[in-house]
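> Generate coordinates for the sequence data below:
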Amino acid sequence: MARTRRTWAVLLCAGAIGVALSGAAAASIVRVHSTAATVREQPDGRKMGELLQGAEVERLGQEGRWVRIRIEGWVWGPELEGFAAEETATAPAAKTAVSPLHEATPRVRRYINERHGTFYSVEFDADLGCLILRFRVSRLEPEALATKQMRIQRDLLEMLGGQLEIQRLRVESNRPDGTGRVGSEIAETSVVDLRSVPPGDLAGWRRVTRFSHDGGASWERPAGPGAGEQ
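Purely as a prediction, here's the structure:
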């Protein structure tokens, strides 16, 4: 029944409530005004429950001083004989979207820590298409740092080139003597230029890479044919 019930309470013994009476009175809503009203199966019949004061029910008919009613409500299922809980279909939890870089970060961290130094961070600037790797090195020769920068760029491109629209790769570290802050030394190369240089060709890589030894305050421009892309 669509009609809303206000402040009603029912104590039931068993079965559906309805007093078997005949009568042609029009259906209407009535309210219990006494402390409690006994609900019976039929006039003077078996007791089925009670309606507490304030309960509202629908009157279906009347015979003399007996009124036939209909009640709609809810009871706690486990209190009913033969009750069995319904299986409720639960929608699978929505997975939080995870960026390719976020998924790859643990792998990149292991790669840096095992081969090149101490991993600091990796991030991708989508506006510039620039992948930026930051790490710390211990004391080593400048040539060795340049070799690491070149290898890191190539390996990162292999790891993430198919998942991110990378246009440039930037590697930032401290100074090769182990001092300074991470970000003091920068090597940045375009993907086009990086792919144009054979693997292991350090001299060729240097010609297409721009360097900064002061955290980006000044740059050594590459001398190769890709310099125009800077």
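> From here on, just use CA atoms for contacts and neighbour counts.
Fine.
> just checking, what's the longest helix in this structure?
Ranked by residue count under DSSP state H, the longest helix found in the chain is helix 142-160.
> Let me know the next secondary structure element after it.
Counting by DSSP states H and E, the next helix or strand C-terminal to helix 142-160 is strand 168-173.
> now that following strand and helix 142-160, what's the angle there?
Put simply, strand 168-173 runs at 130 degrees to helix 142-160, going by axes from the mean of the first three to the mean of the last three CA atoms, to 10 degrees.
> And the strands in the chain, which stretches?
10-12, 28-31, 36-40, 47-52, 56-63, 66-70, 118-125, 130-136, 168-173, 185-190, 209-212 (DSSP state E).
> Now for residue 157: which residues touch it?
For residue 157, the contacting residues are 166, 169, by CA atoms under 8 Å, 6 or more residues apart in numbering.
> One more pass at 10 Å, please.
131, 151, 163-164, 166-169, 191, 194-195 (CA atoms under 10 Å, 6 or more residues apart in numbering).
> try residue 205
By CA under 10 Å, 6+ apart, the contact set of residue 205 is 146-147, 149-150, 189, 193-199, 222, 224.
> would CSV of those with neighbour count and distance to residue 121 be doable?
Shown next, in CSV, are the contacts of residue 205 (neighbours: other CA atoms under 10 Å; distance: CA to CA, whole Å):
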residue, neighbour count, distance to residue 121
146, 20, 19
147, 17, 20
149, 24, 15
150, 25, 17
189, 28, 18
193, 20, 24
194, 23, 22
195, 13, 24
196, 13, 27
197, 16, 26
198, 10, 27
199, 13, 25
222, 19, 26
224, 14, 29
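> I'd like the mean pLDDT over stretch 164-174, please.
For stretch 164-174, mean pLDDT rounds to 97.
> will you turn the strands of the chain into JSON lines that also has distance to residue 104?
Shown next, in JSON lines, are the strands of the chain (distance: least, CA to CA, whole Å):
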{"stretch": "strand 10-12", "distance to residue 104": "61"}
{"stretch": "strand 28-31", "distance to residue 104": "67"}
{"stretch": "strand 36-40", "distance to residue 104": "69"}
{"stretch": "strand 47-52", "distance to residue 104": "65"}
{"stretch": "strand 56-63", "distance to residue 104": "64"}
{"stretch": "strand 66-70", "distance to residue 104": "65"}
{"stretch": "strand 118-125", "distance to residue 104": "10"}
{"stretch": "strand 130-136", "distance to residue 104": "13"}
{"stretch": "strand 168-173", "distance to residue 104": "16"}
{"stretch": "strand 185-190", "distance to residue 104": "21"}
{"stretch": "strand 209-212", "distance to residue 104": "25"}
